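> Structure for the following, please:
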Amino acid sequence: MSEHTGTGSRSVVVVGGGPRGSGLLERLVANARDLLAGVLGDVPVTVHVVEPHTLGAGRIWRYEQSPLLWANSQAEDMTMFTDASCRIAGPVVPGPTFLEWAHLPRPVGGPSMPELAAERAAVHGMTFPTRRLLTEYLTWSFWRSVRQAPPGLTVRVHADRAVDVTDLPDGRQLVHTERAAEPLVADVVLLAQGHLPTRPLGPSAALAADAEAHGLTYLPEDYTADSDLSSLAAGSPVIVRGAGLAFIDLMVLVTRGRGGTFEPASGADAGGAPGARLVYRPSGREPVLHVGSRRGVPYHAKLTYRLGGPRAPHPRFLDAGAVDALLAGPPGQLGFRADVWPLLAKELAFGHYHELFAAHPDAVRGTWKAFDAALAEHPWGSAALADAVAAAVPDPADRFDPEALDRPLRGVRAAGTDALQRLLVAYVEADLARRADPRHSADLGFFNALLAVFEPLGRLLGSGRLSPASMVSDVPWFVGFFSYVASGPPPQRLRELLALVEAGVVQFLGADVDVRLRPADGERPAAFVATSPTVPGEVVASALVEARVPRTSVTGTADPLLAALHARGAVSEAVLAGTDGAPGIPTGRVLVTPDASRVVDVHGTVHPTRYAFGAGTSAATAGAFSRPDTDAAFFRQNDHASREVWRTIAALGPLPGERPAAPSALPHAAAPGVGGPRRWAARHPNGAQR
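Prediction:
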């Protein structure tokens with residue numbers, strides 16, 4: 001791959017070299033031969049990747065974090081490469097899944113990490129690998145793409161942080177970085193920075209200020225591996241809001257991370273067999289974590305078995321025809337609960353009961369054909385459907401009940417703190433037993449249905465048909481529900497949690513936890529006070545940790561590049577347009593076009609050669625990784641974007657003359673016929689809306 005830097009060359013800059021940026025690079029390389037025919041060779045092209053952390057892994061999956069932290073996906077469920085299931089326009093270029101990579105003779109092609117060799121060799125399909133081992137796979141995948149670049153296409157990497165992107169008069173862009181003396185010149189810029197840091201906003205900002213004024217410790221929402229936990233003193237009570245994966249990381253870092261150890265209880269299997277009980281041996285350096293959340297319970301453990309029957313043929317109810325029917329109407333008129341949930345819930349129930357009938361005939365009465373017909377005939381939530389379920393599925397434990405699943409502590413009132421601990425220990429033990437028992441594989445059918453609905457949901461969310469109220473409240477509820485039931489921790493982490501409760505290092509607070517700051521009153525020092533309707537009494541502490549991932553915010557970003565673009569109005573916040581004169585509702589996300597993820601500025605102008613991808617954009621529908629053989633949206637998005645980029649480059653052709661040196665902030669003309677859906681509006685940095 002010889003590099004050409006003279007007049008006439010073209011360049012693409014990918015800002016972000018984590019899983020999203022790496023996935024885009026793989027598709028750019030895969031599509032180059034097809035779409036740059038007649039360009040490569042005559043017009044050399046360079047793809048620059050700018051990433052300050054580990055290439056391929058980015059900030060979240062970087063190597064420089066505690067070896068105690070695990071991925072919450074199993075080894076057989078992760079891949080960075082397309083496969084035969086992918087419905088993409090570009091070529092499928094198969095590569096090893098994480099599991100296959102782990103058992104290659106030696107993973108060459110990227111920085112080898114010999115200290116991980118033993119862990120790599122021990123990986124099997126249901127292993128939850130450490131994040132550092134996943135780093136090695138992600139890095140290897142990145143460099144594999146670099147090696148596969150065809151002649152005329154050069155990939156250059158920059159261990160640097162992008163801090164701004166400005167426009168040149170001729171339509172090209174300059175990407176400014178922290179360390180380089182000169183900016184990178186780009187014909188196309190792809191912003192793929194992943195989860196960006198956000199400064200405390202709203203109530204969090206007020207709490208942070210009050211805590212500082214009263215001498216209290218407050219840790220706002222953050223990626224836990226980046227939080228400074230040194231202020232959480234040994235033996236001191238700490239109130240923790242959030243019982244999901246961020247809490248699990250916190251729990252690990254202040255227990256095992258401070259020298260504590262877990263041992264199998266007498267007679268228990270040290271390998272962590274289902275139901276095996278652990279005992280925690282404290283180091284004496286641990287704080288006491290009082291954890292509560294909206295639900296009041298930890299996320300469900302990951303499932304550790306496979307389907308007993310064939311995979312359900314999704315979609316069944318939320319299929320293309322159903323989505324088309326929902327889309328046929330004016331914007332902002334659909335309610336998620338009223339219009340989408342009845343079909344969505346049926347799709348989830350279909351996955352659950354398809355597996356129950358196929359794998360556990362002793363648990364059902366009648367035939368699958370008859371039950372499937374009843375599921376199709378009767379509306380979701382109707383008495384007729386409830387009767388059909390009761391007749392076909394005698395044991396309520398085998399029925400699909402999303403309402404009970406969502407709020408297990410609804411209406412529960414424990415007599416006291418000790419009673420609440422016993423109640424929730426029993427709840428977690430029951431969850432661990434069920435998630436390890438193939439007798440309940442209908443739960444896996446439900447899980448697979450959850451994965452299957454994200455594509456049709458993506459069409460609906462980007463259409464503008466859903467009302468602003470639904471987009472702000474109901475859609476986040478469903479995303480949270482998905483995380484709670486399908487994106488929980490490895491079972492071993494919940495066994496460790498039970499040991500920590502028994503040791504008194506963790507205590508449950510209950511559901512719908514409320515935290516207030518109590519100022520000093522002469523007799524008592526200032527403190528945080530937590531209460532819950534689940535249990536009488538209160539917990540008082542001098543430290544509060546928000547164990548949650550920061551919400552996306554264009555206006556509150558701590559990322560210098562996004563902040564600079566926003567300050568100039570070069571990016572805008574996606575706003576859900578209000579109806580009947582009501583004000584719009586800001587989403588915190590970068591506004592991009594739904595067709596190709598092009599950035600839209602505060603004037604509504606679409607930038608023809610600047611794209612943005614990932615969770616922080618209005619078109620976010622796919623995560624960072626993909627499960628093999630699932631036609632993952634991650635690959636379809638990346639493939640579509642890469643082909644758009646190469647068509648743009650091919651149309652530009654050779655670049656005549658010398659490159660101008662002076663940047664300019666001249667605006668781009670709006671792309672003809674391109675724009676976001678009508679419900680999206682742009683929010684100017686000063687609050688004005690267009």
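
> mind listing the helices in the stretch 101-250 of the chain by residue range?
Ranges of helices within the stretch 101-250 of the chain are 117-122, 131-147, 202-213, 245-253, based on DSSP state H, counting those that start in this stretch.

> Now stretch 278-294: buried residues?
L278, Y280, P282, E286, P287, V288, L289, H290, V291, G292, S293, R294 (16 or more other Cβ atoms under 10 Å). Just so you know, the C-beta spots here come from the backbone N, C-alpha and C atoms, and that holds for glycine as well.

> so of those residues, which ones are in strands?
Cross-referencing the buried residues of stretch 278-294 against strands under DSSP state E gives L278, Y280, V288, L289, H290, V291, G292, S293.

> quick revisit: looking at the buried residues of stretch 278-294, which two lie furthest apart in space?
P282 and R294 (29.4 Å; Cβ to Cβ).

> same for the one helix or strand V479 maps to, what does it pack against?
Assessed by DSSP states H and E, V479 sits inside helix 475-486. Here helix 475-486 touches helix 402-406, helix 442-452, going by 3 or more Cβ pairs under 8 Å, 6 or more residues apart in numbering; DSSP states H and E.

> could I get the helices of the stretch 101-250 of the chain as TSV with mean neighbour count and distance to P594?
Below are the helices of the stretch 101-250 of the chain laid out as TSV (neighbours: other Cβ atoms under 10 Å; distance: least, Cβ to Cβ, whole Å):
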stretch	mean neighbour count	distance to P594
helix 117-122	13	40
helix 131-147	24	27
helix 202-213	14	28
helix 245-253	23	29
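
> my guess is G588 contacts T557, does it?
No. G588 is not in contact with T557 according to Cβ atoms under 8 Å; the separation is 9.1 Å.

> Have a look at these two and say which one is more surrounded.
T557 (24 against 19; other Cβ atoms under 10 Å).

> Report the separation between the more buried one and A186.
From T557 over to A186 the distance is 21 Å, taken as Cβ to Cβ, to the nearest Å.

> Same question for P408.
51 Å.

> before we move on, what about S572?
For S572, the distance to A186 equals 21 Å [Cβ to Cβ].

> Counting neighbours, go ahead and name the busier of those two.
S572 (30 against 24).

> pLDDT score assigned to that one?
Here the pLDDT value assigned to S572 is 94.

> Adding distance to R10 and mean pLDDT as columns, could you present the helices of the stretch 101-250 of the chain in CSV?
Shown next, in CSV, are these (distance: least, Cβ to Cβ, whole Å; pLDDT from 0 to 100):
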stretch, distance to R10, mean pLDDT
helix 117-122, 39, 90
helix 131-147, 18, 95
helix 202-213, 44, 91
helix 245-253, 41, 97
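
> Ok, which of those helices comes nearest A225?
Using Cβ to Cβ, the nearest of the helices of the stretch 101-250 of the chain to A225 is helix 245-253, at 6.7 Å.

> chain center to stretch 69-83, what's the gap?
Computed by Cα atoms, centre = their mean, to the nearest Å, the separation of stretch 69-83 from the middle of its chain amounts to 14 Å.

> now do stretch 555-573
Taking mean C-alpha positions (Cα atoms, centre = their mean), stretch 555-573 and its chain are 21 Å apart.

> ok, now stretch 636-644?
20 Å.

> What are the contacting residues of it?
20, 23-24, 26-28, 30-31, 35, 82, 86-90, 190, 596-597, 611, 613, 621-622 (Cβ atoms under 8 Å, 6 or more residues apart in numbering).

> send the alpha carbons of it over as CSV?
Presented in CSV, the C-alpha positions along stretch 636-644 are these (Å, rounded to 0.1, in the frame of the first residue of the first chain):
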residue,chain,number,x,y,z
ARG,A,636,-26.2,-2.9,7.0
GLN,A,637,-25.6,0.7,8.3
ASN,A,638,-21.9,0.5,7.8
ASP,A,639,-22.2,-1.0,4.3
HIS,A,640,-24.7,1.6,3.1
ALA,A,641,-22.5,4.4,4.5
SER,A,642,-19.3,3.1,2.9
ARG,A,643,-21.0,2.8,-0.5
GLU,A,644,-22.3,6.4,-0.2
